[in-house]
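Novice: sequence and predicted structure are below.
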Amino acid sequence: MHERRSRRAVVIGAGPNGLVAANLLADAGWEVLLLEAQAGIGGAVSSDTDVADGFVHDTFSSFYPLAAASPVIGSLQLESHGLRWRRAPAVLGHPLPDGSWGLIHPDVEDTAAALDRHHAGDGDAWLELHRIWTGIGPNLVASLLSPFPPVRHGVGLLARLPRAGGLDLVRTLVEPAASLVENRFDSEAARLLLAGNAMHADIPMTATGSGLFGLLLAMLAQTVGFPVPEGGAGRLAAALAERFLGRGGEIRCGDRVRRIETKDGRATAVITDAGERHRAGAIVADVSASMLYGGLLPWSELPDRTRQRMARFELDPATIKVDWALSGPVPWASPPATPPGTVHLADSMDELTTGQDKLHAHIVPAKPFLLMGQMSTTDPTRSPVGTESLWAYTHLPQVVHADEAGEVTGSWDGDEIRRLADRMQNRIEQYAPGFGSRVVARRVLGPRQLQERNESLVNGALNGGTAGLHQQLIFRPMTGLGRAETPIRGLFLGSASAHPGGGVHGACGANAARALLAAARVGRL
């Protein structure tokens, strides 16, 4: 009985990290039970047809450059389990007030030629960034996604640094996004293409880390693209689940874990809301750090220093997401030469910079930065021919002190999120007159609704905690070693709250599974 328990793992949460962890543990011969509180799998990687008949909308995330680049996801060979990637004709677009567009094309030479039409020399500057990325990108991505410290890939990265630019390159990697784009490009189009990618995180444009994040996503856009699973984001989760089930794993949905049971500082079992007790030799928690510490694990069973450190844990911003079913394509006033799947909406670099600063000052911007997805443009199976499945989201302060437009207070009740959705729709209308007339149906998901659909998205925080440097690496989710181990033996944190953080790359779950297996090998469970 003891031997059976020692080789039995429970994974809490069937998001992408939980599914990856479950797969790797099953591959290692462990008996794995995966428990999910919601009625279906996927966490923030799911899709539905609730907005309008015939339209597929991704409930949370949609585009997966990190999954395409992730060694972990790649090693699982999910294409053998029904996953098929689709890509838009252009990867990313940013419309400008003068009617022109900044575009990242699948071919870097096309991107460079288009940027040169905005300002001579910007194309060469983009090609230079691409050249640098070609030399260091794979090792940099692998280092970022590895357990900390990333010894093997870090050595590979260091070996390539001299040829890629040495200390000048290091300076580039730590530059704030605002400085990086101003030093490299002359046109607003080129600057917005790179800096807009930095807005996917919550790091100010003038802070260290924002440039690296913008460069990472911009160059992934240029090398692997922004792919989507054909048929909806849920197909990625389905492929992970199919692989796991094929290796003997078990998934139970609608089975919420209420508490993790411990004995003598060791995790021994989980207790569900239904009162079931599942014994385990080890546990991986794909839940937010704030749900785990002081929630599933009461403070009385944790060291005092854990409570003290978690008191400083910071969430990333809240989110409001709007899904539209459109009767036709987005009626851009000046359509791009090549239609992009992802669209960023901001008038200027100044607007990007001040918008991020306002969020950190707890102010809701009157003109929010929008991140949009033209899903039918990317994957025609998402809606009937000639229509568009579209979404947009924007970030909000976790705590609101003021609203520039004087319309919301931060209660995020039904009336407030409708007002914000109208604000977002009006923003699109400025670039696409007649947009509202093409809306067949609309769904608004505010911070409360996002958390109701996925408990780990606390108040609509998508990335498991701020991406600021003070909560990365050895500081994620709290000061420690930057690894998946927790103060409780046999319990591992495998969510986006752990290193390396948010994004659908599977690394948090993989790091937790590998840490569990390493502990088992040396008898430390």
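Specialist: Sure, I can see it.
Novice: how far away is residue 353 from residue 191?
Specialist: 11 Å (Cβ to Cβ, to the nearest Å). All C-beta spots, glycine's among them, are computed from the backbone N, C-alpha and C.
Novice: more neighbours: which of these two?
Specialist: residue 191 (24 against 20; other Cβ atoms under 10 Å).
Novice: so what's that one scoring on pLDDT?
Specialist: We have a pLDDT of 98 for residue 191.
Novice: repeat for residue 158
Specialist: With respect to pLDDT, residue 158 has a value of 69.
Novice: again, but for residue 167
Specialist: pLDDT at residue 167 comes out at 74.
Novice: same check on residue 151?
Specialist: So residue 151 comes in at 62 (pLDDT).
Novice: ditto for residue 29
Specialist: The model's pLDDT for residue 29 equals 97.
Novice: OK, contacts around it?
Specialist: residue 7 (Cβ atoms under 8 Å, 6 or more residues apart in numbering).
Novice: and it, its phi and psi?
Specialist: phi 90, psi 10 (degrees, to the nearest 10).
Novice: how near is it to residue 410?
Specialist: Taking Cβ to Cβ, one finds residue 29 at 49 Å from residue 410.
Novice: again, but for residue 447
Specialist: 9 Å.
Novice: which one's more surrounded, those two?
Specialist: residue 447 (22 against 17).
Novice: residues near the closest residue to that one other than its chain neighbours, how many?
Specialist: Spatial nearest neighbour of residue 447, chain neighbours left out: residue 460 (3.1 Å); criterion: Cβ to Cβ, 6 or more residues apart in numbering. Neighbourhood size, residue 460 [other Cβ under 10 Å]: 25.
Novice: same thing with residue 470?
Specialist: 12.
Novice: repeat that for residue 425.
Specialist: Close neighbours of residue 425, defined as other Cβ under 10 Å, add up to 18.
Novice: check residue 41 too.
Specialist: Neighbour tally, residue 41, other Cβ under 10 Å: 23.
Novice: for it, give its distance to residue 67.
Specialist: 16 Å.
Novice: same check, this time on residue 6
Specialist: 33 Å.
Novice: neighbour count for those two, which is higher?
Specialist: residue 67 (25 against 17).
Novice: the more buried one: what's it in contact with?
Specialist: Applying Cβ under 8 Å, 6+ apart, the residues near residue 67 are 16, 73, 227, 236, 504, 505, 506.
Novice: and for residue 235?
Specialist: 47, 82, 83, 84, 229.
Novice: just confirm the second one contacts residue 240, I think it does.
Specialist: No: contact criterion Cβ atoms under 8 Å: residue 82 and residue 240 do not qualify, at 10.4 Å.
Novice: more neighbours: the two, which one.
Specialist: The residue with more neighbours, out of residue 82 and residue 240, is residue 240; 28 against 15, by other Cβ under 10 Å.
Novice: check the burial of the nearest residue to the more buried one once chain neighbours are set aside by counting its neighbours.
Specialist: Nearest-residue entry for residue 240: residue 19, 3.8 Å, with adjacent residues in sequence omitted and distances by Cβ to Cβ, 6+ apart. A count of nearby residues for residue 19, using other Cβ under 10 Å, gives 32.
Novice: residue 517 now?
Specialist: So residue 517, with other Cβ under 10 Å, has 18 neighbours.
Novice: excluding chain neighbours, what is closest to it?
Specialist: residue 28 (5.5 Å).
Novice: ok, now which ones touch the closest residue to residue 59 other than its chain neighbours?
Specialist: Of all residues not flanking residue 59 in the chain, residue 46 sits nearest, at 4.9 Å (Cβ to Cβ, 6+ apart). Residue 46 makes contact with 40, 58, 59, 60, 233, 234, 237, according to Cβ under 8 Å, 6+ apart.
Novice: next, format those as JSON lines and append pLDDT and distance to residue 500.
Specialist: Shown next, in JSON lines, are the contacts of residue 46 (pLDDT from 0 to 100; distance: Cβ to Cβ, whole Å):
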{"residue": "40", "pLDDT": "97", "distance to residue 500": "26"}
{"residue": "58", "pLDDT": "98", "distance to residue 500": "23"}
{"residue": "59", "pLDDT": "94", "distance to residue 500": "24"}
{"residue": "60", "pLDDT": "94", "distance to residue 500": "19"}
{"residue": "233", "pLDDT": "98", "distance to residue 500": "21"}
{"residue": "234", "pLDDT": "98", "distance to residue 500": "24"}
{"residue": "237", "pLDDT": "98", "distance to residue 500": "20"}
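Novice: filter the residues you listed down to the ones in helices?
Specialist: Assigned to helices by DSSP state H, the following of the contacts of residue 46 qualify: 234, 237.
Novice: average model confidence for stretch 6-23?
Specialist: 96.
Novice: centre of the chain to it, how far?
Specialist: Taking the mean of its C-alpha atoms, stretch 6-23 sits 19 Å from the chain's own mean (Cα atoms, centre = their mean, to the nearest Å).
Novice: which positions within it qualify as buried?
Specialist: 6-23 (16 or more other Cβ atoms under 10 Å).
Novice: quick check: end-to-end length of it?
Specialist: Terminal residues of stretch 6-23 are spaced 18 Å apart (Cα to Cα, to the nearest Å).
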